[in-house]
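*Asks:* I need the structure of the sequence given here:
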Amino acid sequence: MADNLQENEKTSYLKGFIITFLAFLFIPIVTMIIMYFTNDNFHYATNNTLTALPGVLGEHFKSLPTKEEKENIKLQIAKYYIDLDEDRLLDKLLIIKGEDEELYNDLLILLNKENPIKMKLIREKIRLSQLETNLLNRILEEIEDDKKEKINSYVDYYTSLKLPDTISEIERTYQSGEIKDNELAEFFNLMATENGSRYLYYLDNEIVEDIRYQIKKDKLNDFEREIAAMESKESQLEKLAHIYENETLNTQLNDLTNINKFNIKDLAVIYRNMSIKTAGRILSKIDDTEFITNLYQEISDLEKLNRQAENMPAYISEAIKIYENYDKKVEELGDIYRRISLDELVDTIENMVVGNRVYRRYDVNTEEIVFTQKNLAIDILRKLPAKRAAEVLEILRVERRIDLTQEFVLN
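*Replies:* So this is what the prediction gives:
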């Protein structure tokens, strides 16, 4: 009996010892596990220590990022995210918030350091996105729907007009307060690149500056690239205008009196940058009324867009009439000179060239159109049969013959 009691006491003592030992062992282990997952410094220090383990375990802990590496990755993410459109940034942050609250909070801090103004708007959007659907939210949604409907109505209205009228209406509605800067910016966010860039190109610079940084970054970049291409093309067309100014009439007629080489808008830029005299001379030689009417319209549109009040089509039309009347007079004189003797014709041409007096002088806007007796003589020779003209040139004095022959060929 005594032996059994002694044996039971030993067993109880042993159990108590084991329980106490396990308790002392378990508490530090649990504490370390809790610290590992709650204390960043202990977490990374433990990872660094465990890299010394042999085999696969050591390699695993070596592959885990250090605290500095993890913070650097977060910073890279923040720098990339801050350049995204507000809607895209909001979507990504909400996804991260649902999966990793800690990472979400860390990114908010870093993003706020990168761009506090933008993040103020983002935080407000996050707050609104987390509100329960209620009456207030529905009212806000209705307001947003009204805003979208208003913007869409302006899109339909502006794009239904011709370009000069669109520019005029955008400026009028903006300056009158009918459309606000943020609404106008949203209008451009909805625009195709080609149309939006043309509107921005011709809009008043102050309006453009008011809305520039409210347009989405990617959209604005697209617009600016297109505008740079437009400026480059216009510069090239202006240079071509100066080149064509000095080309022969045949070259001018071949290239600038149809839409085979240039479209009508490009031709308008070319004619707009040529002298009235040259433009009138070219267009007086063609009978394509539709082409001339379309060209006038495009030039008028250019003047409106560039805020120029010269009314060049009217001046070109005046110049055309002058050249047509001159050509009609040349035709009449050509008929007369065909019927006179060769000697009389040579004497007449000789006198016209030697005197070279001004035959007619006209003022058109700030330019002057002058026809001399020499011009008249050359144009009359062109109206004669080729054989007759050659006979006249042959009889003329050498210096006259050379001079007239050169101008006869070049012009």
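*Asks:* Could I get the average pLDDT for stretch 377-397?
*Replies:* Averaging pLDDT along stretch 377-397 gives 80.
*Asks:* CA atoms only: put it into PDB for me.
*Replies:* Provided in PDB are the C-alpha atoms of stretch 377-397 (Å, rounded to 0.1, in the frame of the first residue of the first chain):
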ATOM      1  CA  ALA A 377       3.900  93.100-126.000                       C
ATOM      2  CA  ILE A 378       4.900  89.600-124.600                       C
ATOM      3  CA  ASP A 379       1.300  88.600-124.000                       C
ATOM      4  CA  ILE A 380       0.300  89.700-127.500                       C
ATOM      5  CA  LEU A 381       3.100  87.600-129.000                       C
ATOM      6  CA  ARG A 382       1.700  84.600-127.200                       C
ATOM      7  CA  LYS A 383      -1.700  85.200-128.800                       C
ATOM      8  CA  LEU A 384      -0.200  85.100-132.300                       C
ATOM      9  CA  PRO A 385       0.400  81.900-134.300                       C
ATOM     10  CA  ALA A 386       3.700  80.400-133.300                       C
ATOM     11  CA  LYS A 387       5.200  81.000-136.800                       C
ATOM     12  CA  ARG A 388       4.100  84.700-136.800                       C
ATOM     13  CA  ALA A 389       5.600  85.300-133.300                       C
ATOM     14  CA  ALA A 390       8.900  83.700-134.400                       C
ATOM     15  CA  GLU A 391       9.100  86.000-137.400                       C
ATOM     16  CA  VAL A 392       8.600  89.000-135.200                       C
ATOM     17  CA  LEU A 393      11.300  87.900-132.800                       C
ATOM     18  CA  GLU A 394      13.700  87.200-135.700                       C
ATOM     19  CA  ILE A 395      13.300  90.800-137.100                       C
ATOM     20  CA  LEU A 396      13.700  92.600-133.800                       C
ATOM     21  CA  ARG A 397      17.100  94.000-132.800                       C
END
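*Asks:* buried set for it?
*Replies:* By 16 or more other CB atoms under 10 Å, the buried positions in stretch 377-397 come out as 377-381, 383-384, 389, 392-393, 395-396. Backbone N, C-alpha and C define where each C-beta goes, glycine included.
*Asks:* Likewise for stretch 280-290?
*Replies:* Result for stretch 280-290 [16+ other CB under 10 Å]: buried residues 280-284.
*Asks:* repeat for stretch 68-76
*Replies:* Buried residues in stretch 68-76 (16+ other CB under 10 Å): none.
*Asks:* what does that stretch rub up against?
*Replies:* 65, 103, 106-107, 110 (CB atoms under 8 Å, 6 or more residues apart in numbering).
*Asks:* Please apply the same query to stretch 153-172.
*Replies:* Counting by CB under 8 Å, 6+ apart, 173, 179, 183-184, 187, 190-191, 195, 198-199, 202-204, 207, 301, 304-305 sit against stretch 153-172.
*Asks:* Just the buried ones out of those residues, please.
*Replies:* For these, buried by 16+ other CB under 10 Å: 173, 179, 183-184, 187, 191, 195, 198-199, 202-203, 207, 301, 304-305.
*Asks:* wait, which of those residues is closest to D83?
*Replies:* If you rank these by distance to D83 using CB to CB, M191 comes first, at 21.9 Å.
*Asks:* ok, now how distant is the closest one from R198?
*Replies:* In this view, M191 and R198 are 9 Å apart by CB to CB, to the nearest Å.
*Asks:* ditto for N189
*Replies:* 16 Å.
*Asks:* Could you do L163 as well?
*Replies:* From L163 across to R198, the span is 6 Å (CB to CB).
*Asks:* what's the answer for R388, then?
*Replies:* Following CB to CB, the distance that separates R388 from R198 is 55 Å.
*Asks:* can you check L110 too?
*Replies:* 40 Å.
*Asks:* Likewise for E149?
*Replies:* E149 is 25 Å from R198, by CB to CB.
*Asks:* ok, now K304?
*Replies:* 13 Å.
*Asks:* Kindly report the same for K92.
*Replies:* 34 Å.
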